[in-house]
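J.: What would the 3D arrangement of this be:
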Amino acid sequence: MPDTHHATAYFYGRVQGVGFRYCAFQVAREFDVAGYVSNLPDGRVIVEAEGTKDEVDAFITAVEERMHGYVRKLDRLASVRSPQFTGFLIK
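T.: Purely as a prediction, here's the structure:
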């Protein structure tokens, strides 16, 4: 899959210890994306996702909407690169 859209999303707020990673994992099953979700030592959660631009953008938006009561801020970085992930994992 050439020209795979990649996004790194950093979620801030009360996003650890509230089922955020499991929710992101479940949401990923609804989209054609690959990547992972992981807690960071500073209290943020990182989501790395790749696929088509529309799928990745919709996935990140869906995670933010489902966890809206816990997310205070979201930072996204986007790029186009060769695929690096297979499936979607909780790390």
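
J.: alpha carbons only for contacts and neighbour counts from here, please
T.: Will do.

J.: What is the lengthiest helix in the chain packed up against?
T.: Using DSSP state H, we find that the single longest helix of the chain is helix 53-66. Here helix 53-66 touches strand 4-13, helix 20-28, going by 3 or more C-alpha pairs under 8 Å, 6 or more residues apart in numbering; DSSP states H and E.

J.: Please tabulate those in TSV, including the columns mean pLDDT.
T.: Below are these laid out as TSV (pLDDT from 0 to 100):
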stretch	mean pLDDT
strand 4-13	97
helix 20-28	97
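
J.: picking up where we left off before, quick one: contacts of the longest helix of the chain?
T.: 4-7, 9, 23-24, 27-28, 31-33, 49-50, 71 (C-alpha atoms under 8 Å, 6 or more residues apart in numbering).

J.: quick one: low-confidence parts of the chain?
T.: Low-confidence segments of the chain (pLDDT under 70): 1-2.

J.: Across the sheet, point out what pairs with the most centrally placed residue in the chain.
T.: The residue lying closest to the centre of the chain (C-alpha atoms, centre = their mean) is residue 47, at 3.2 Å. Beta-bridge pairing for residue 47 (DSSP bridges): residue 9, residue 37.
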